[in-house]
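> fold the following, please.
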Amino acid sequence: MDLRQVRKEYENRGLREDDLVSDPIDQFKIWYSEIEEAGYSEPNAMVLSTVDKNASPSGRNVLLKEVREDGFVFFTNYESKKAKDIKTNKKVSLTFSWNELRRQVLVEGVAEKISENESDEYWAMRPYESKIGSLVSDQSSVISSREELDVAFETQELKWRGLEVPRPRHWGGYKVSPNFIEFWQGRQNRLHDRIGYELTFEGWIVNRLSP
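Model (predicted):
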């Protein structure tokens with residue numbers, strides 16, 4: 001595949017410093033609302049990038065489930081590869097790609113587990129089938145076949161039908177506390193707008209970055 005001639009010019013009103021609020025998480029909420037209004041499918045999908053003990057990077061899509069004043073929350077299996085990477089190196093990044101509005105947000109920060117009570121609260125909100133799926137999935141491990149997974153699901157679904165499914169200890173949430181957030185807005189001639197917020201002892205400082 002030769003993709004050298006694949007290109008698209010971006011036309012947009014741009015991103016000026018005067019358009020931004022002082023807190024990047026508040027700015028994220030503004031952009032998120034705008035992308036929701038644009039009808040983007042799963043705007044909370046993000047690429048979580050981690051680094052393992054051998055300094056090898058990995059990226060995968062996960063779903064943002066909460067935006068707090070001090071960070072971004074997602075949930076996963078604590079025995080998964082991503083969780084093992086985080087145990088080794090808590091520094092992670094989150095990337096949101098919102099092509100409909102020619103936008104991207106990059107979040108760099110530190111991931112830490114949220115409290116068990118907070119994980120319990122979200123677990124209680126999950127659909128029954130999703131809870132069963134989390135019980136069955138030994139995430140990132142090798143399995144013999146799809147049929148093995150389906151049989152395990154059917155067995156657990158029957159076992160817990162009509163009952164409250166308890167949250168397994170190997171499942172819960174992480175909060176990514178950011179120290180850098182970049183807002184990228186596509187512009188013509190590849191002269192894109194990039195605004196970075198960096199956390200310092202004095203608070204957030206804002207800089208325009210060269211495209």
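
> for the closest residue to Arg103 other than its chain neighbours, what are its contacts?
The shortest distance from Arg103 to any non-neighbouring residue, by C-beta to C-beta, 6 or more residues apart in numbering, is to Gln185 (5.8 Å). C-beta here means a position set from N, CA and C on the backbone, and glycine is covered the same way. When contacts are counted by C-beta atoms under 8 Å, 6 or more residues apart in numbering, Gln185 touches Asn12, Gly14, Leu15, Arg102, Arg103, His192, Asp193, Arg194.

> Leu209 contacts Tyr197, correct?
No. With contact defined as C-beta atoms under 8 Å, Leu209 does not reach Tyr197; the gap is 10.8 Å.

> okay, the two: which has more neighbours?
Tyr197 (23 against 11; other C-beta atoms under 10 Å).

> now the more buried one: which helix or strand?
strand 193-200 (DSSP states H and E).

> buried sites along the longest strand seen in the chain?
For the chain, the longest strand by residue count, based on DSSP state E, is strand 171-185. Buried residues in strand 171-185, defined by neighbour count with 16 or more other C-beta atoms under 10 Å: Trp171, Gly172, Gly173, Tyr174, Lys175, Val176, Pro178, Ile181, Glu182, Phe183, Trp184, Gln185.

> now tabulate those residues in JSON lines and tack on distance to Asn61 and pLDDT.
Below are the buried residues of strand 171-185 laid out as JSON lines (distance: C-beta to C-beta, whole Å; pLDDT from 0 to 100):
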{"residue": "Trp171", "distance to Asn61": "18", "pLDDT": "95"}
{"residue": "Gly172", "distance to Asn61": "19", "pLDDT": "97"}
{"residue": "Gly173", "distance to Asn61": "17", "pLDDT": "98"}
{"residue": "Tyr174", "distance to Asn61": "15", "pLDDT": "98"}
{"residue": "Lys175", "distance to Asn61": "18", "pLDDT": "98"}
{"residue": "Val176", "distance to Asn61": "15", "pLDDT": "98"}
{"residue": "Pro178", "distance to Asn61": "19", "pLDDT": "98"}
{"residue": "Ile181", "distance to Asn61": "19", "pLDDT": "98"}
{"residue": "Glu182", "distance to Asn61": "19", "pLDDT": "98"}
{"residue": "Phe183", "distance to Asn61": "20", "pLDDT": "97"}
{"residue": "Trp184", "distance to Asn61": "18", "pLDDT": "95"}
{"residue": "Gln185", "distance to Asn61": "22", "pLDDT": "91"}
